[in-house]
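Trainee: missing the sequence, but the structure's below:
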């Protein structure tokens, strides 16, 4: 799952996902495709980079 | 002050639309538009086929503050024996019944049904009982659909123009192509894809700074 979701930066987005009953795997796929279409900026991008480094 | 549940109910919009290839662009535009307005689409696609399907559809409809009933494609289908598509007017009837019960005070919660059509005055010909109901005309185009949505939901959700929602539609269209390729799908009229499209629309709208988080 995208880091900004884990850290709860956008609770309304999580609420929508919960409301729709979307599984974590499908949610992750949405995050990945959206990130490819509109790359995250600023702090979000920084958090994503940091997360990617940690994974490595 | 309105409770969290009633706020959530107002944000839920039941979409009663045809599921076919020719409607795909309008389907994407509808989800993109609702996402851009901060609303949450709900559909029969989320309900698995079972014996109590009608009960579950009615239950879902009751959970929603409004519904969009697109009656633009109630024509004969291609498969033999050719039959008109009755699901949409049938579900529109359920939504209108809910609305009338709410207005008469028999139900505590109100429901607002919106009728969408492609052509002006056709509704009067096809369903004269709806005389007096003002349909939202989308003209069968994605931009028309966004225009109809901004007109219908000008009081609910965020106030947006077609110009605000159009980039969300373009991005969601790109998303749909990626999703089809990744999941090897022929179309996106299934429960999982519907949920993913709805979530993506919300997320894209957020990235485009259309929504307050």
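Mentor: Happy to help now that I have it. These numbers come from a predicted model, not from an experiment.
Trainee: host element of residue B:154?
Mentor: According to DSSP states H and E, residue B:154 maps onto no helix or strand at all.
Trainee: how much space separates it from residue B:208?
Mentor: For residue B:154, the distance to residue B:208 equals 20 Å [CB to CB, to the nearest Å]. Any C-beta I mention is one placed from the backbone N, CA and C, and that applies to glycine too.
Trainee: more neighbours: the two, which one.
Mentor: Ranked by neighbour count (other CB atoms under 10 Å in any protein chain shown), residue B:154 and residue B:208 place residue B:208 first, with 15 against 11.
Trainee: pLDDT value on residue 11, please?
Mentor: As the question left the chain open, I've gone with chain A. For residue A:11, the pLDDT comes out at 69.
Trainee: to clarify, I was referring to chain B.
Mentor: For residue B:11, the predicted pLDDT is 90.
Trainee: what does residue A:43 give?
Mentor: The model's pLDDT for residue A:43 equals 56.
Trainee: who touches the worst-scoring helix or strand of chain B on mean pLDDT?
Mentor: Here the helix or strand of chain B ranked lowest by mean pLDDT, DSSP states H and E is helix B:4-11, holding a mean of 85. By CB atoms under 8 Å, 6 or more residues apart in numbering or on different chains, the residues outside helix B:4-11 that reach it are A:15, A:19, B:2, B:38-40, B:63-66, B:109, B:156-157.
Trainee: same question for stretch B:169-180.
Mentor: A:29, A:33-34, A:36-38, B:25, B:28-29, B:31-33, B:35, B:142, B:146, B:185-188, B:193, B:196-197, B:200-201, B:204, B:208.
Trainee: of the contacts of helix B:4-11, which belong to helices?
Mentor: Filtering the contacts of helix B:4-11 for membership in helices, criterion DSSP state H, returns A:15, A:19, B:63.
Trainee: which one of those sits in the busiest neighbourhood?
Mentor: Top of the ones in helices among the contacts of helix B:4-11 by neighbour count (other CB under 10 Å): residue A:19, with 18 neighbours.
Trainee: just give the closest residue to that residue, not the sequence neighbours.
Mentor: Excluding the flanking residues, the one nearest residue A:19 by CB to CB, 6 or more residues apart in numbering or on different chains is residue B:40, at 5.5 Å.
Trainee: next one: the one you found from residue B:119, what distance?
Mentor: 29 Å.
Trainee: how about the residues of chain B near chain A?
Mentor: B:8, B:12, B:40, B:46, B:171, B:174-175, B:178-179, B:182, B:192, B:195-196, B:198-200, B:202-204, B:206-208, B:211, B:213 (CB under 8 Å from any CB of the partner chain).
Trainee: save the contacts of helix B:4-11 as JSON lines, and put in pLDDT and distance to residue B:130 too.
Mentor: Converted to JSON lines, the contacts of helix B:4-11 look like this (pLDDT from 0 to 100; distance: CB to CB, whole Å):
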{"residue": "A:15", "pLDDT": "77", "distance to residue B:130": "35"}
{"residue": "A:19", "pLDDT": "81", "distance to residue B:130": "30"}
{"residue": "B:2", "pLDDT": "71", "distance to residue B:130": "30"}
{"residue": "B:38", "pLDDT": "90", "distance to residue B:130": "28"}
{"residue": "B:39", "pLDDT": "92", "distance to residue B:130": "23"}
{"residue": "B:40", "pLDDT": "93", "distance to residue B:130": "26"}
{"residue": "B:63", "pLDDT": "93", "distance to residue B:130": "24"}
{"residue": "B:64", "pLDDT": "95", "distance to residue B:130": "20"}
{"residue": "B:65", "pLDDT": "94", "distance to residue B:130": "21"}
{"residue": "B:66", "pLDDT": "95", "distance to residue B:130": "17"}
{"residue": "B:109", "pLDDT": "82", "distance to residue B:130": "22"}
{"residue": "B:156", "pLDDT": "68", "distance to residue B:130": "21"}
{"residue": "B:157", "pLDDT": "60", "distance to residue B:130": "25"}
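Trainee: that'll do, ta.
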